[in-house]
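Asks: Using only what follows, build the 3D model:
(one chain, ligands or ions: 1)
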Amino acid sequence: MAQVSTPSSINSMIFGPEVDDLLPDLFDSYADKLQLVNETWCNYGGRTIFAGEVVTVSCFEDNSKVKAQLALPGVGKVLVVHGQGSFAKALLGDMIAKSALDNGWEGIVIYGCIRDAGAIAKMPIGVKALGVTPIKTQKRDLGELNVTLEIGQVSIKPGMMLYADLNGIAISESVLS
Ligand SMILES: O=C([O-])CC(=O)C(=O)O
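Replies: Below you'll find the model as predicted:
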């Protein structure tokens, strides 16, 4: 599994042996540099600790841009998708998640829903979302790439760093060091 381009001390928190948690240690050391993205996230990916440089998509019940981005190389990157919190359509399923895994993405955060949660749970990639629905979107190529997103009263901009574990999601303006 590729390691993200963070300082080795943080990499050891993310990838070290028997590491179960990341955010508590990060907030103990770097609280002044972190913003908590305070939403009721559920964990769906087979990898519970992940970090990377943020790429953003904004879309509503259409995951065309999500599919297109995750088909591109993603080593060291996390895709953050603002789906307006919709529970009507899934913005990620197992095929798109597999594509992300094959392309080296560290993780995917969806302010909305996913489907194929059983299969995604077996994939070694980070996936967090608000919930699940079995219904997929219609792909009409609607949505915007690399715009600033407002989630959990935090502005999430492309190029920021995102850190996630079972305790939540946090972002920083730059790589913590
Ligand atoms: O295609 C979709 O919209 C979602 C899906 O089912 C998959 O990724 O397998």
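Asks: Just list what the helix or strand where Leu26 lies packs against, helices and strands only.
Replies: Assigned by DSSP states H and E, Leu26 belongs to helix 23-30. With contacts defined as 3 or more C-beta pairs under 8 Å, 6 or more residues apart in numbering; DSSP states H and E, helix 23-30 has these neighbours: helix 8-15, strand 161-165, strand 168-172. Any C-beta I mention is one placed from the backbone N, CA and C, and that applies to glycine too.
Asks: Let me see the contact set for the residue of the chain most remote from its centre.
Replies: Among the C-alpha atoms of the chain, the one most distant from their mean position (C-alpha atoms, centre = their mean) is that of Arg140, at 22.9 Å. The contact partners of Arg140, taken as C-beta atoms under 8 Å, 6 or more residues apart in numbering, are 62, 64.
Asks: Kindly report the same for Met123.
Replies: Counting by C-beta under 8 Å, 6+ apart, the residues that Met123 touches are 45-47, 94, 97-98, 101.
Asks: if we go to 7 Å?
Replies: Taking C-beta atoms under 7 Å, 6 or more residues apart in numbering as the definition of contact, the neighbours of Met123 are 45-46, 97-98, 101.
Asks: Could you check how far it is from the ligand?
Replies: Computed as C-beta to the nearest ligand atom, to the nearest Å, the Met123 to the ligand distance reads 12 Å.
Asks: give me every residue that touches the closest residue to the ligand within the chain.
Replies: With distances taken as C-beta to the nearest ligand atom, the chain approaches the ligand most closely at Gly93, which sits 2.2 Å away. With contact taken as C-beta under 7 Å, 6+ apart, Gly93 is in contact with 114-116, 136.
Asks: one step back: torsion angles phi and psi at the residue farthest from the centre of the chain?
Replies: Torsion angles at Arg140 (phi, psi; degrees, to the nearest 10) stand at phi -120, psi 10.
Asks: Check Leu70 too.
Replies: With angles defined as degrees, to the nearest 10, Leu70 sits at phi -80, psi -10.
Asks: i'd like the first residue to be 57 from this point on
Replies: Let's use 57 as the start, then, which means that last one is Leu126.
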